[in-house]
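1. A structural model of the following input is requested.
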Amino acid sequence: MKRQLMAAAAVCVLAFTAGCASTSAPADQKAEASRPAASAAEADYPITAQGATAFVADAEAKLAQVSEYVARIQWARATNITFDTMWLESRANAEATELQVKFANQAARFNDVQVDPVVRRKLDLLRLGLVLPAPNRPGAAEELSQITTRLDSTYSTGKFDFKGRQITLDEASLILADSRDPNETKALYEGWRTISPVMRDDYARMVEIANEGSRELGFADTGALWRSGYDMPADAFAAETDRLWEQVRPFYENLHCYVRARLNAKYGDAVQPDHGPIRADLLGNMWSQQWGNIYDVVAPTGGAGSSYDLTELLKAADYDPVKMVRTGEGFYVSLGLDPLPQTFWERSQIVRPRDREVVCHASAWDLDNLDDIRIKMCTNVNGDDFYTVHHELGHNYYQRAYKNQPMLFRNGANDGFHEAIGDFVGLSALTPTYLNQIGLLKATPGAEEDIPFLLKMALDKIAFLPFGLMVDRWRWDVFSGATTPDQYNAAWTADMLKYQGLVPPGPRPAGAFDPGAKYHVPGNTPYTRYFLAHIYQFQFQRAACRQAGWTGPLHRCSVYGNKEVGARFNAMLQMGQSRPWPEAMQAFTGETTNDASAVADYFAPLNAWLTVQNRGHRCGWSAA
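-> Below you'll find the model as predicted:
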């Protein structure tokens, strides 16, 4: 499987629930849509329980009214990037942000009022619903929206010169996945990062504006705002992610040690020494966040390998992008969930259009908070996108499951849940058990293929964990001021070394802004959700397999076709964000805490094997 983009792709929910960039409408519609906002956001609600209840009801009604109008133009820009669609999105970003800022500030007035628990949860969500809050002053929201639209579009249209021609990220990622020439991988790694230095000043200004808005809402900075969205205090959440990382860090270091030794064996000391950090461009992924593309370099020697390649199976079975999506739908239907609506097939972007610029980063959309659900992908027939399809549809099925909740509860239990739903299904989708169930694989391989299978999974799932943590660790320091604009790139490189044990292939030039070369930074998508999802998906897998009565190895379990698991799964999805996430976790798994032990359970045979392989090697690296 060739990993082009992160399999755990971003879900795009409306700005009013998860902070996606929002969009605008023609002036007459815009005036009509914005008129109720003033009454809801500016009315003089008494600072009483009754006032809070009335405010929340008005705010929810307005958000429900505006959200579809916002989402449709947001979709238009993402699927057709032009000056006009960028202008529309920028204009609407400002209007939507101003509305949310008004609601958030109004909600904060009721912080000390005793209200019904449901009303209190809605008030808190109104305060926390902004990813980048603009301050409540004229022009601030407009400036912020122009910056965020410009950053996103700069990334999405980025190209760089490679061997005499301009190439896109998609093209560069495919070459990087296959290349075993360290000079070529270095050129690709550094070439893509030439698109982002122009973003740095915009990014720094965006941080200033968003921090001003966050302080108005009572948070120390925007990072503290982000960390407050997990039903626990901001500092407690940071400590919780540290605890989870410590649970999985020894396994990552074991994998790092093994991969480094194999890279050293292939390239020699001059390219990759047998000790210290790994050169980032040698790992087959533009951000070194998943390493599955170099499986051929690190595959076990002297034993059984994999008897099949998923990409080749798909091609041999004449799969096309639509058939891949139909197959993903079939998994959810097998659990007892309804088929996707016809409008999904009519309105989704499943393949990359040839006649216009689009945002190819895979995402799932809910445009009307009811049934107009879609995916936006530039799907290729390969194992990576087979997984991604199952992942993205998880967002869509979650969106539809909670559509009957009140507007403010139409979201995941937390953002990590929204990512983990499809990842959990993806764990089944990659098993030889499932591939056999749907006819792609004629026979399920024996236990001799467990280590190759688990190694492939670890190269993506375990290798991702420190990257999933470091992106927001970097941003939290940026938002707090611990990292200043002149330190942006040095801090990013230091975090790569600290968490991933990686270094760039060469010195970075003055003015580099490598964080901007990762979509979620200019796209302003909080990233800790992906780290959490890589914990949750294994908790979900272990719980589901226990419910299904599975007694074999966890990594071979597929819950395809199990409607009892599906019923309990859907009960969790239907809760949306109406209750604290531990209650949603309990509804499906019976557990109420984050627990990375399920990761250890899944990969236990591989970890034992890696420990044997690493004997005699100097594992670890210096973070200095």
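2. roughly how far apart are residue 278 and residue 185?
-> Distance of residue 278 to residue 185, computed by CB to CB, to the nearest Å: 12 Å. Any C-beta I mention is one placed from the backbone N, CA and C, and that applies to glycine too.
3. which element is the residue nearest to residue 547 when sequence neighbours are not counted on?
-> Nearest residue to residue 547 in three dimensions, chain neighbours excluded: residue 565, at 5.2 Å (CB to CB, 6 or more residues apart in numbering). Using DSSP states H and E, residue 565 sits within helix 563-575.
4. returning to that earlier point: which ones are touching the residue nearest to residue 547?
-> Neighbouring residues of residue 565 by CB atoms under 8 Å, 6 or more residues apart in numbering: 335, 544, 547-548, 559.
5. just the helices from the stretch 201-350 of the chain, written as ranges.
-> Remark: helices assigned in the stretch 201-350 of the chain by DSSP state H, counting those that start in this stretch are 222-227, 234-267, 295-298, 310-316, 321-334, 342-347.
6. and the contacts of residue 565, which are buried?
-> 335, 544, 547-548, 559 (16 or more other CB atoms under 10 Å).
7. hmm, which two among those residues are most spread apart?
-> With distances taken as CB to CB, the most widely separated pair in the buried ones among the contacts of residue 565 is 335 and 547, at 11.7 Å.
8. joint contacts of those two?
-> Going by CB under 8 Å, 6+ apart, residues that sit against residue 335 and also against residue 547 are 562, 565.
9. can you give me the end-to-end distance of stretch 408-420?
-> Using CA to CA, to the nearest Å, one end of stretch 408-420 lies 21 Å from the other.
10. revised request: answer the last question for stretch 145-164.
-> The first and final residues of stretch 145-164 sit 35 Å from each other (CA to CA).
11. check stretch 344-360 too.
-> With CA to CA as the measure, stretch 344-360 spans 18 Å from end to end.
12. and that stretch, how far out from the chain middle?
-> In terms of CA atoms, centre = their mean, to the nearest Å, the centre of stretch 344-360 is found 20 Å from the chain centre.
13. need the residues that contact it.
-> 5, 78-82, 152, 156-157, 169-170, 321-322, 325, 372-379, 396.
14. for that stretch, list every residue counted as buried.
-> By 16+ other CB under 10 Å, the buried positions in stretch 344-360 come out as 344, 347-350, 352, 357-360.
15. which of those sit farthest apart?
-> So, the buried residues of stretch 344-360 by CB to CB: farthest apart are 344 and 357, at 23.6 Å.
16. residues near the closest residue to residue 231 other than its chain neighbours, how many?
-> Leaving out its chain neighbours, the residue that sits closest to residue 231 by CB to CB, 6+ apart is residue 580, at 4.1 Å. Neighbour count for residue 580, taken as other CB atoms under 10 Å: 16.
17. residue 580 touches residue 229, doesn't it?
-> No. With contact defined as CB atoms under 8 Å, residue 580 and residue 229 do not form a contacting pair (11.3 Å).
18. before we move on, the earlier item: tell me which of the helices of the stretch 201-350 of the chain sits nearest to residue 56.
-> The nearest among these, by CB to CB, is helix 222-227 at 19.9 Å.
19. run through who's touching the closest one.
-> 128, 130-133, 207, 210-211, 213-214, 217, 219, 234-235, 237-238, 472, 475-480, 526, 528.
20. change it to 6 Å
-> Contact with helix 222-227 is made by 210-211, 214, 219, 234, 237-238, 476, 479-480, 526, as judged by CB atoms under 6 Å, 6 or more residues apart in numbering.
21. could you do stretch 371-385 as well?
-> Contact with stretch 371-385 is made by 1-3, 310-311, 314, 319, 321, 341, 343-344, 347-352, 360, 362-366, 392, 396, 399-400, as judged by CB under 6 Å, 6+ apart.
22. so residue 364 sits in a strand?
-> Yes. According to DSSP: H, G, I helix; E, B strand; the rest coil, residue 364 belongs to a strand.
23. perfect, I'm done here.
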